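J.: Fold the following and give me the result.
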Amino acid sequence: MIRVLLIDDEAMILKGLRKLIDWEALGAVIIGEAKDGKAGLELIHKEQPDLVISDIFMPNLDGLAMLRSLREECSSVRVVFLSGYQEFAYARDAVKYGAFDYLLKPVGREDLAAVVGKAVQDIREQGRYRVLKKEVSPVERQFMELLSAGGKQEELLESMAPLFLTDGGAVCAALRILRKKGMANSDENFNILKFEIYDQLSRYLGEQKRGCILKKDFGTCFFLLSAPDNRKQIRKLVDEAVKFLKDHYPIEIVIGVGAWDSEAGRLKYLYTTAKFSLEMYYFNEQKYIDYDEIQKNYSHSLDEYEENLRELRKMIVSNEKTEQINQLIKETVTLLGSIYYGNRSAVSNGCIVFSEELYRMLIDCGLIDNSYRQEHEEFLDGLRNKPTFHGLKELLLSYFDQLLLRIRLLSMQKESGATAKIKQYMQEHFGDPITLDEVAGHIGMNPAYLSAFFKKETGQNFKSYLTELRMKEAVRLIHTTDMKSYELAKAVGYRDDRQFREKFREFYGVSPQNFRKQKEK
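T.: Residues are numbered from 1 along each chain as shown. Predicted structure coming up:
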């Protein structure tokens, strides 16, 4: 059974949580309660629960401070926050420090059951891989004690000192194994393979008298490497270890190398810098990341993010063009990537919170309803599972591009019949060299009147709307076909290839050829 701890300063809330859902049916059992964050943290240390459900605002120690303390101890306990405050700022802070989820009071039976069920499944999934670990070495056990609060450092540091003396110092490196394309192994077999590889690495380091494993799990292996204070030499030693492993296994490896130091007392710092370096793969997708080469631009802040949210709300309320909204969404996701650069959890959760903000804006403006909720939840799960920021960004932009397009198409149905007929005809015939006179004749309007009417109803003139349709189709064809420029021109209604290329450049800022190259990057 999954062990659950409840923390809230209101006795009625604690009582309600116990009775709200059938815990046993979900495979969970409540092992204790606490009425403030300080007592809750002490109880977590004592009982070692798998899941904590806690209020945020409590006496003595609030929930966020409690969570920060747990993460600094490298605790893997899942924390779900409850709060009566509906401002998203609290949600952002919660997910920034790794909260599993965030629910608003009063909590509904279905919402709580869904979150607990998801947490139980996640905990069990992680547990399946723990059994893959072989007995940890004394060094690993001591290192885990060092990372935990109150761990005794002297014994570990004494045993590590010779490694620092061999070459005058050492670095910590973090290794992550990637599945090669075409590997047919199941997830379970792949994780078994990882621990076999870790054992090979341990033997290699021992035989070379170069280091030892500090910590390993189903995702990452941290090892200490004796090396001189020379980044080129460190790279050479790491490359030799990677080559040894790749010669024996059909795998891809990502390495994050931390700072160098000559003092064994700095071991925890070396570990932290290696962990940070490895997490940079999420952002730059490089296979070797050196801590000394990482540069962070701190020129952006959450104030800019908040300003973008306000601008997005204005644009949605005033029914701005979909392209302009999409552009600001893209800029905002890029901004979040800059603000949280180096912190995978923070940027992933920040983008999830941003997506929720957008979803609520669309709900508040009456553009969508809750029938979209299941689809949106599946999209959010997809964001959580993306292994790189680039992949997350692409998924987020594609999702909202399609959602806004569907909204736009639905709104078209509500426009005046004449406007809808005009647009429909243009959408069906933009691949032909159609003219204003031709469309007017089809609709039964005077051409001059149709031009003024269309501008008034849509905010666009006839030519700009036609060009927009053609350019969107050209982009779609670029994404889905290998058509050359002259073929694209003909397909979207241009007789002159040169005129098409000029219009495309005017619309997107680059030629069709360069647009395709950017897409393929």
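
J.: mind checking the backbone torsions on the spatially most central residue of the chain?
T.: Residue closest to the mean C-alpha point of the chain, counted by C-alpha atoms, centre = their mean, is residue 348 at 2.8 Å. Backbone torsions for residue 348, taken as degrees, to the nearest 10, come to phi -60, psi -50.

J.: is it true that it touches residue 393?
T.: No. Counting by C-beta atoms under 8 Å, residue 348 stays clear of residue 393, with 10.8 Å between them. The C-beta positions use only the backbone N, C-alpha and C, and glycine is treated the same way.

J.: got a list of contacts for stretch 30-39?
T.: Stretch 30-39 is touched from outside by 3-9, 11, 14, 18, 23, 40, 42-43, 47, 49, 54, 58-63, 65-66, with contacts defined as C-beta atoms under 8 Å, 6 or more residues apart in numbering.

J.: Show the buried residues in these.
T.: The neighbour count (16 or more other C-beta atoms under 10 Å) marks 3-9, 14, 23, 40, 43, 49, 54, 58, 61-63, 65-66 as buried among the contacts of stretch 30-39.

J.: what about the stretch 151-300 of the chain, any weak spots by pLDDT?
T.: Applying pLDDT under 70 to the stretch 151-300 of the chain flags the ranges 151-153, 155-156, 181-188, 296-299.

J.: run the last query once more with 90
T.: 151-168, 178-196, 209, 216-219, 248-251, 262-268, 294-300 (pLDDT under 90).

J.: Would you map the strands across it?
T.: For the stretch 151-300 of the chain, applying DSSP state E, counting those that start in this stretch gives strands covering 170-178, 211-216, 221-226, 252-261, 288-290.

J.: Over to the chain?
T.: 2-7, 28-34, 51-55, 78-83, 101-104, 170-178, 211-216, 221-226, 252-261, 288-290 (DSSP state E).

J.: Relative to residue 112, which of those strands is closest?
T.: Taking C-beta to C-beta, strand 101-104 is the member of those nearest to residue 112, at 6.8 Å.

J.: For the closest residue in space to residue 347 that isn't next to it in sequence, the count of nearby residues, please.
T.: Closest residue in space to residue 347, ignoring its immediate chain neighbours: residue 340 at 3.8 Å, by C-beta to C-beta, 6 or more residues apart in numbering. Close neighbours of residue 340, defined as other C-beta atoms under 10 Å, add up to 21.

J.: Could you shift the numbering so residue one becomes 51, and keep it that way?
T.: With the count now opening at 51, the last piece we talked about shows up as residue 390.

J.: got JSON lines for the strands of the chain, with distance to residue 459 too?
T.: Output for the strands of the chain, formatted as JSON lines (distance: least, C-beta to C-beta, whole Å):
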{"stretch": "strand 52-57", "distance to residue 459": "45"}
{"stretch": "strand 78-84", "distance to residue 459": "44"}
{"stretch": "strand 101-105", "distance to residue 459": "42"}
{"stretch": "strand 128-133", "distance to residue 459": "38"}
{"stretch": "strand 151-154", "distance to residue 459": "33"}
{"stretch": "strand 220-228", "distance to residue 459": "40"}
{"stretch": "strand 261-266", "distance to residue 459": "51"}
{"stretch": "strand 271-276", "distance to residue 459": "50"}
{"stretch": "strand 302-311", "distance to residue 459": "42"}
{"stretch": "strand 338-340", "distance to residue 459": "44"}
